[in-house]
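In: Okay, structure incoming, though there's no sequence with it:
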Ligand code: FAD
């Protein structure tokens, strides 16, 4: 009999909670990764850089297993069909994996859990992706926090060595099943093309963190870490990142806590991951949803330079600076009165660091419908945001070189007019006078 470790959003051998426990189970451990056909088929862009990133990471992991004289099962199919096959082929005593908090994943794991139970296979799951999950940080009334500042205070009060130290997996590597497997399905057979743009580095430099607080708000400066994609797929460990934050920057630590915060929101209020506003009354807003204007926003042709620069950066690189994410999201929802779900879906398609919990949190914050949202009457002025955060226009010039040419569009809507229109729509929906 063997134990199986199922990799999902934790694509690394070091400091991996579920893998550590599997390797100590007393059974030889066979690792598994499934390229989920359901998820891949739904992606329209067949040059998706995230799929390339996962594929490359899995190939590297396979190489690492081969060096250890073992191998990883890498399958392509729906989880249900892959598991049917595996359960027929192997005698499995225990299945180990790490928690995934997205609604699709919790439903999948629930259904598989029932199948394992029928076969008397123990299904053991662990926290790995966050420092604190689900209901580990609760208010005095035992309810989830829905406001960030008190949540982060409670988070910091609870965090200690125990929660931040690494799982020493390496000394148990001899417990992998000694069976050489080399196969990895190609991108081509899964319907994807190879892209050769490199992924952002997984190194977080101490020098950057030391200047983080002063520089993080200015999109023209490389002042943030670009570590999102690595946290998303677990190629870095959140515990290592949190320890770095404690060492070099409390402001950066707060950003990692925002990540935990939105993950617990998604788990405690799964409706937000299913297209619903956190504050139900915001679903009464009569969005204008003008498709032409949405297209102009997507293409960075609104006539507002900072908004357009952000959308160009996103479209060309898969990244957008946090400050500009806030401005573009606010512009779509408030200036154009386009449903935040449209913007959320567009970002989901384009962002390398796309993460359901954080993206949804960011969009609902911008629309005002979220947990810890900006009040509905606070409407970013995209021109003064540019003056404040890109005063020399360096970021704008980089991403909107056509700015001073005749081709640059006039503003799609006048700021004051848009502001009044927005306030009216929000007041009507929210019954404010
Ligand atoms: P750094 O500033 O170096 O921060 C380090 C890490 O902390 C980030 O990689 C991320 O994991 C986490 N983090 C930072 N800020 C936040 C935040 N506000 N909420 C949650 N986690 C945070 N972040 C995503 O990871 N995925 C998304 O899909 C996403 N969509 C967003 C959409 C909107 C509309 C907004 C306003 C924000 C969104 N964010 C998202 C949050 C934030 O913009 C990005 O995490 C950040 O810009 C990524 O760059 P970085 O890795 O250089 O971040």
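Out: That came through, no problem. Predicted model only: the values in this text are computed from it and were never measured.
In: Return the residues in contact with the residue lying closest to residue 210 once chain neighbours are set aside.
Out: The shortest distance from residue 210 to any non-neighbouring residue, by C-beta to C-beta, 6 or more residues apart in numbering, is to residue 248 (5.7 Å). In short, each C-beta sits where N, CA and C put it, glycine included. By C-beta atoms under 8 Å, 6 or more residues apart in numbering, residue 248 lies in contact with 206, 209-210, 212.
In: And for residue 193, the neighbour number?
Out: By the other C-beta atoms under 10 Å criterion, the neighbourhood of residue 193 contains 12 residues.
In: isn't it right next to residue 47, touching?
Out: Yes: with contact defined as C-beta atoms under 8 Å, residue 193 and residue 47 form a contacting pair (5.0 Å).
In: So which residues on the stretch 151-300 of the chain come close to the ligand?
Out: Counting by C-beta under 6 Å from any ligand atom, the positions of the stretch 151-300 of the chain adjacent to the ligand are 216, 224-228, 231, 255-256, 258-259, 262.
In: would you turn the residues you listed into a markdown table with secondary structure?
Out: A markdown table is the format used below for these (DSSP: H, G, I helix; E, B strand; the rest coil):
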| residue | secondary structure |
| --- | --- |
| 216 | coil |
| 224 | coil |
| 225 | coil |
| 226 | coil |
| 227 | coil |
| 228 | helix |
| 231 | helix |
| 255 | helix |
| 256 | helix |
| 258 | helix |
| 259 | helix |
| 262 | helix |
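In: which one among the residues you listed gets closest to residue 161?
Out: Set against residue 161, the nearest of those by C-beta to C-beta is residue 256 (17.0 Å).
In: which residues sit in contact with that closest one?
Out: Shown in contact with residue 256 (C-beta under 8 Å, 6+ apart): 131, 238, 241-242, 245.
In: can you do 10 Å?
Out: Neighbour list for residue 256: 130-131, 155, 227, 231, 238, 241-242, 244-246 [criterion: C-beta atoms under 10 Å, 6 or more residues apart in numbering].
In: cool, residue 367 as well?
Out: Shown here is residue 367, whose contacts under the criterion C-beta under 10 Å, 6+ apart are 277-279, 282, 285, 287, 329-330, 332-334, 338-341, 343-344, 373-374, 376, 426.
In: if you set the cut-off to 7 Å instead, what comes out?
Out: 282, 333, 340 (C-beta atoms under 7 Å, 6 or more residues apart in numbering).
In: Secondary structure class of the first one, three-state.
Out: If I follow you right, that is residue 282. helix.
In: Just give the closest residue to it, not the sequence neighbours.
Out: On the basis of C-beta to C-beta, 6+ apart, the spatially nearest residue to residue 282 that is not a chain neighbour turns out to be residue 369, at 3.4 Å.
In: what's the answer for the second one, then?
Out: Counting by C-beta to C-beta, 6+ apart, the nearest residue to residue 333 once its immediate chain neighbours are dropped is residue 367, at 4.4 Å.
In: mind showing which ranges of the stretch 301-433 of the chain have poor pLDDT?
Out: Within the stretch 301-433 of the chain, the stretches with pLDDT under 70 are 433.
In: what does it put close to the ligand?
Out: Contacts of the stretch 301-433 of the chain with the ligand, taken as C-beta under 6 Å from any ligand atom, map to 322, 325-326, 329, 347, 351, 353-355, 358-359, 361-363, 366.
In: rerun that using 5 Å as the cut-off
Out: Contact residues of the stretch 301-433 of the chain with respect to the ligand, defined by C-beta under 5 Å from any ligand atom, are listed as 322, 325-326, 329, 351, 353-355, 358-359, 362-363.
In: Neighbours of residue 316, how many?
Out: Burial of residue 316, expressed as a neighbour count using other C-beta under 10 Å, amounts to 11.
In: element containing it, please.
Out: With secondary structure defined by DSSP states H and E, residue 316 is part of helix 305-317.
In: Which residues are in contact with residue 377?
Out: Counting by C-beta under 7 Å, 6+ apart, residue 377 touches residue 423.
In: mind pulling up the phi and psi values for it?
Out: Per-residue torsions, residue 377: phi -90, psi 0 (degrees, to the nearest 10).
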